[in-house]
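Chemist: sequence unavailable; structure follows:
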């Protein structure tokens, strides 16, 4: 049980850093360059996911894949992340368009929901 708690804490630290990266990219692209918020959100999500893969596989999860199976591990990580991206985009769109919530606050809500998906899916399919 303590191993799981430690793993969740490490996941939280990596997630916080990835979230900061995600929000910075989202805000800069939207506010500075006038990029549509869903496009900015997708780009931010992708950049944060790349960081998250490297950090998670190094500090959070003990991969079940050997050194010769890293390609398979990366493909599974990407597939799970694509589902996460779809969930992120759906929740962002839902909160902004239907509930008229400012896009940054919508991103906070979407991040919380997608974070749960990320942890559970990676625990099941990668570790």
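Modeler: Thanks, I have it. This one's a predicted model, so the numbers in the text were calculated from it and none came from an experiment.
Chemist: give me the element the residue nearest to residue 46 when sequence neighbours are not counted is part of.
Modeler: Take residue 46 and drop its neighbours on the chain: the residue closest to it by C-beta to C-beta, 6 or more residues apart in numbering is residue 85, 7.2 Å away. In this view, the C-beta of every residue, glycine as well, is placed from N, C-alpha and C. With elements delineated by DSSP states H and E, residue 85 resides in helix 70-93, which encompasses its position.
Chemist: what packs against whichever helix or strand comes after that helix?
Modeler: Beyond helix 70-93 on the C-terminal side, the first helix or strand identified by DSSP H and E is helix 103-125. Secondary structure elements in contact with helix 103-125, counted by 3 or more C-beta pairs under 8 Å, 6 or more residues apart in numbering; DSSP states H and E, are helix 2-27, helix 37-55, helix 70-93.
Chemist: related to what we said a few turns ago, burial of the residue nearest to residue 46, as a residue count?
Modeler: Each residue near residue 85 was counted by other C-beta atoms under 10 Å, and the total is 17.
Chemist: and for residue 114?
Modeler: When neighbours are counted by other C-beta under 10 Å, residue 114 registers 24.
Chemist: again with residue 22
Modeler: Taking other C-beta under 10 Å as the neighbour definition, residue 22 ends up with a count of 26.
Chemist: again, but for residue 66
Modeler: When counting by other C-beta under 10 Å, one arrives at 9 neighbours for residue 66.
Chemist: how far away is the most centrally placed residue in the chain from residue 6?
Modeler: Among the residues of the chain, residue 49 comes closest to the average C-alpha position under C-alpha atoms, centre = their mean, at 5.2 Å. The span separating residue 49 from residue 6 equals 23 Å under the rule C-beta to C-beta, to the nearest Å.
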